[in-house]
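Engineer: Sequence first, then the predicted structure:
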Amino acid sequence: MPRYVYQNLETGEQYEFEQGFHDPAYTHHPETGAPIKRLIFAPAVVFKGSGWYVKDSKASTASSSSNAGSSCAAGACSTAAD
């Protein structure tokens, strides 16, 4: 179940509550009744660097096969027709 951070509008104190995705946001603290608002935070997961996409993770093998193709194009490879 997701956790949401709320801030007390009177004192500035922050609270963390577990709520379902479809539950409405709290407007008052469930125990004290003080007015609160939900705070928005960036997600905790950040994806950076190469290798996230299929084409990024296979770059090293694709370049080695393209090198073999270029040497055959120069006439260094023999074929079954020779």
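Structural biologist: The structure has been received and is ready for your questions.

Engineer: For this protein, which segments are assigned as helices?
Structural biologist: 54-57, 59-73 (DSSP state H).

Engineer: Which of these has the lowest mean pLDDT?
Structural biologist: Among these, helix 59-73 carries the lowest mean pLDDT, a mean of 51.

Engineer: Residue 38 and residue 47, how far apart?
Structural biologist: According to CB to CB, to the nearest Å, residue 38 and residue 47 sit 25 Å apart. Placement of C-beta: from N, CA and C, glycine included.

Engineer: all strands for this protein, in order.
Structural biologist: 3-8, 14-18, 36-38 (DSSP state E).

Engineer: Which other helices and strands does the second one contact?
Structural biologist: So that's strand 14-18. Judged by 3 or more CB pairs under 8 Å, 6 or more residues apart in numbering; DSSP states H and E, the packing partners of strand 14-18 are strand 3-8.

Engineer: shaky segments in this protein?
Structural biologist: By pLDDT under 70, the low-scoring segments of the chain are 49-82.
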